[in-house]
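> turn this into a structure:
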Amino acid sequence: MKNCPSDVKQVDWDWLCEYWSTPEFQRAITKDGTREEIDLYYETHYNENKGWVNDEARTRYERMLEIKEQRILEESQAPNEFEIMQEVLGKCRGYIRGLGHGPKPASSHGTIDLTATDTESIALREKIEKHEQELVDVRAKC
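Modelled structure (predicted):
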């Protein structure tokens, strides 16, 4: 596949390209070509075969859904999922919990606007790392 980023292994890039072409992924993409942040959290913290990475991830995901539903009822516009994630996951120094070291929390020195593409890129990097580890585990069993 073309345009493989230099920091991604070709085999992983091929897998991602195949995955992005699946009907399941296509259904999950919003009309503007981005994915919702809470959906990305689910994708990176839940596996159909293994379940949740831990109970805390499941609890946090359920809390995000509760807040989202509550805000849908209270507000006339769609809730900001990034803000919901930040509220549930909290902020750690230099990054937002659950999103790795990519997006930075707003600070007193100024704000950083994260696009959906930035958030998706971070989630995909985490997913690549997870799949690389799974690949290592599978190869170790062979």
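
> how about the helix or strand that contains Val136: buried residues?
Assignment of secondary structure by DSSP states H and E places Val136 within helix 116-141. Applying a neighbour-count criterion of 16 or more other CB atoms under 10 Å, one finds Ala116, Thr119, Glu120, Ile122, Ala123, Leu124, Arg125, Glu126, Lys127, Ile128 buried in helix 116-141. Placement of C-beta: from N, CA and C, glycine included.

> hmm, the last one is touching Val8, no?
Looking back up the chat, that one is Ile128. Yes. Applying CB atoms under 8 Å as the test, Ile128 and Val8 come out as touching, 6.3 Å apart.

> now do the shared contacts for those two.
Common contacts of Ile128 and Val8, defined by CB atoms under 8 Å, 6 or more residues apart in numbering, comprise Leu16.

> just checking, what packs against the helix holding Val136?
Contacts of helix 116-141 with other secondary structure elements, assessed using 3 or more CB pairs under 8 Å, 6 or more residues apart in numbering; DSSP states H and E, are made with helix 10-20, helix 37-45.

> show me what contacts Trp52?
Counting by CB under 8 Å, 6+ apart, Trp52 makes contact with His45, Tyr46, Arg58, Tyr61.

> using JSON lines, please lay out the residues you listed together with pLDDT and neighbour count.
What follows is the contacts of Trp52, written out as JSON lines (pLDDT from 0 to 100; neighbours: other CB atoms under 10 Å):
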{"residue": "His45", "pLDDT": "90", "neighbour count": "21"}
{"residue": "Tyr46", "pLDDT": "91", "neighbour count": "14"}
{"residue": "Arg58", "pLDDT": "93", "neighbour count": "15"}
{"residue": "Tyr61", "pLDDT": "93", "neighbour count": "19"}
